[in-house]
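**Q** Fold the following, please.
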Amino acid sequence: MGQKEEELTQEDHIKSSENTEGTETSEKEKASGEDETKEAQPELSELEKKEIECKELQEKFVRLYSEFDNFRKRTAKEKIEITKTASENVLKDLLPVLDDFERAIANNKEVEDLNALKEGFELIHNKLFKNLEAKGLKRMESQGDKFDVDKHEALTNIPAPKKSLKGKVVDVVEKGYLLNDKVIRFAKVVVGQ
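**A** Okay, here's the model as predicted:
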């Protein structure tokens with residue numbers, strides 16, 4: 001039995017050493033698992049930080065987009081309002097001229113002096129033009145100027161009465177106008193060739 005006891009003791013020793021190695025391995029695994037968990041926790045907190053930052057940026061983007069959309073709507077509304085107001089101001093300035101025309105028409109029945117009638121219409125015309133000039137309107141003086149496609153619309157070409165009028169405006173059929181130095185109506189002209 002001595003031999004059997006020795007064999008049993010050796011087997012127990014082998015098993016216990018295996019258990020010890022297993023325990024050491026499982027302790028190592030636990031320790032490395034804890035290390036991984038500790039490493040993963042900072043990564044998770046880093047990930048959580050990024051998620052929070054992303055959400056904050058999304059909220060900021062939504063607010064900015066909303067503000068921009070409101071700004072766009074407000075400026076469109078203001079633009080329409082300015083256009084209406086500008087038209088209103090021009091029309092208010094033209095109402096006295098309309099009143100003058102109505103008075104002239106009413107007085108035409110009684111006027112026998114044509115010169116007085118002509119003077120009345122000239123006064124009304126001058127009043128109207130001064131109102132429009134105050135708004136930035138300028139009349140183009142094109143007679144004798146070199147033909148310019150940016151200012152003139154050629155209705156026809158005729159032989160130039162003088163050599164000096166070749167390529168120049170010989171006659172103005174309809175006057176052109178500028179509004180604050182921008183052409184709003186081209187002068188309709190006859191060009192000499």
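**Q** the helices in this structure, which residues?
**A** 2-108, 114-134 (DSSP state H).
**Q** where among these is the average confidence lowest?
**A** Summarising mean pLDDT across the helices of the chain, the least confident stretch is helix 2-108, with a mean of 75.
**Q** Show me what counts as buried in stretch 127-144.
**A** Within stretch 127-144, the residues that qualify as buried by neighbour count (16 or more other Cβ atoms under 10 Å) are 128, 131, 132, 140, 142. Quick note: C-beta positions are derived from backbone N, CA and C, even for glycine.
**Q** do stretch 185-193 as well
**A** Buried positions in stretch 185-193, judged by neighbour count with 16+ other Cβ under 10 Å: 186, 187, 188, 189, 190, 191, 192.
**Q** Restricted to strands, list those residues.
**A** Counting by DSSP state E, the buried residues of stretch 185-193 place 187, 188, 189, 190, 191, 192 in strands.
**Q** Just the closest of the residues you listed to residue 156, please.
**A** Of all these, the one with the least separation from residue 156 (Cβ to Cβ) is residue 190, at 5.5 Å.
**Q** what about the residue nearest the centre of the chain, distance to residue 78?
**A** For the chain, the residue whose C-alpha lies nearest the mean C-alpha position (Cα atoms, centre = their mean) is residue 72; its distance is 8.4 Å. Counting by Cβ to Cβ, to the nearest Å, the gap from residue 72 to residue 78 is 11 Å.
**Q** And residue 132, by the same measure?
**A** As it turns out, when the distance is counted by Cβ to Cβ, residue 132 lies 26 Å from residue 78.
**Q** do residue 193 as well
**A** Distance of residue 193 to residue 78, given as Cβ to Cβ: 51 Å.
**Q** Then residue 88?
**A** The spacing between residue 88 and residue 78, counted by Cβ to Cβ, is 15 Å.
**Q** cool, residue 155 as well?
**A** Using Cβ to Cβ, residue 155 is found at 41 Å from residue 78.
**Q** Neighbour count for these two, which is higher?
**A** residue 155 (13 against 10; other Cβ atoms under 10 Å).
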